[in-house]
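[1] Below are the sequence and a predicted model; questions follow.
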Amino acid sequence: LISPPSHCPSCERKIPRRDLIPLLSYLLLKGHCRYCKSSIPVRVFLVELFTGLLLVFLLWHFGLRWELLIVALYSFVFIVLFVIDMEHGILPNKIIYPAAVAALIMIVAGSIAGYEPYGITAGMGNPIWIVDAVIGFAIGFVFFFIVALIFRGGMGWGDVKLAGLMGLLAGYPLIIVAIFIAIVGGGLLAALLIATRIKSRKDAIPFGPFLTLAAIVTLIWGQHILNWYLGMAL
């Protein structure tokens, strides 16, 4: 993201600032590099479009509050991880580790200041935000760590670390909501792909995209989903 700067993968020329305007530059260039005329993947346009629409929705949903900054920044991180895992089947440590460190610093600072983002976390009565975060990290990381040990090759270690990051952000008990959404969503899509013969039982399906989508959904609606479930259970 920082070095090397944005460049064309074909001719490797640095992309000028006027060609880095989201959506507009893609349309003006008609999906091609200004210099070598090679095609720019439509994925670039779609990611920019989805990210912009998501930001507008988050602004409407949260308003100008600290929750907006937290959810927006980490939603962007999850979008990047989603695309990378879909295309390359990896979840880079260079993204997960800094994101986790930044989250931990934010959580510690919030705990010292007596702040907890109740628009995101469930707020189970713990006066210190970091308590919920550490429990959430432990649940997410340990759960998928055990799965990765039992089903070797069926779950990547990147998924384990991503689940830990999700736990830090969502906290307890919302990490359970995120895990449930990811597993159900992944299971339903896998069943659909197998039933339609697009994939076979032996084909690998990356799980990271389901984790990232579940994380975004949980950061936005996790509290409402949990309240709905508890209401149904009672």
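    Happy to help now that I have it. Numbering: from 1, shown residues only.

[2] use CA for all of it now, contacts and neighbours both
    OK.

[3] ok, the nearest residue to Ile183 once chain neighbours are set aside - contacts?
    The spatially closest residue to Ile183, leaving aside those adjacent along the chain, is Phe210, at 7.7 Å (Cα to Cα, 6 or more residues apart in numbering). By Cα atoms under 8 Å, 6 or more residues apart in numbering, the contact list for Phe210 reads 182-183, 185-186.

[4] Which residue comes closest to the residue nearest the centre of the chain once chain neighbours are left out?
    Nearest residue to the geometric centre of the chain (Cα atoms, centre = their mean): Phe78, 2.2 Å. Spatially, and ignoring its direct neighbours in sequence, Phe78 is nearest to Thr212 (5.1 Å; Cα to Cα, 6+ apart).

[5] so how far is Ala133 from the one you found?
    Thr212 is 18 Å from Ala133, where distance means Cα to Cα, to the nearest Å.

[6] just to revisit the earlier point, check which helix or strand covers the residue nearest to Phe78.
    helix 208-233 (DSSP states H and E).

[7] Would you mark the buried spots in that helix?
    Neighbour counts over helix 208-233 (16 or more other Cα atoms under 10 Å) mark 208-223, 226 as buried.

[8] what does stretch 97-107 give?
    Buried residues in stretch 97-107 (16+ other Cα under 10 Å): 99-100, 103-104, 107.

[9] and those residues, which of them are in helices?
    Under the assignment DSSP state H, these contribute 99-100, 103-104, 107 to helices.

[10] can I get those residues in a markdown table with pLDDT and distance to Leu168?
    Converted to a markdown table, those look like this (pLDDT from 0 to 100; distance: Cα to Cα, whole Å):
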| residue | pLDDT | distance to Leu168 |
| --- | --- | --- |
| Ala99 | 96 | 10 |
| Ala100 | 96 | 8 |
| Ala103 | 94 | 7 |
| Leu104 | 94 | 7 |
| Ile107 | 92 | 8 |
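
[11] For Ile198, state which of these is nearest.
    For those, the residue nearest Ile198 by Cα to Cα is Ala99; the value is 34.3 Å.

[12] how near is that closest one to Lys199?
    The value you get for Ala99 to Lys199, if Cα to Cα is used, is 33 Å.
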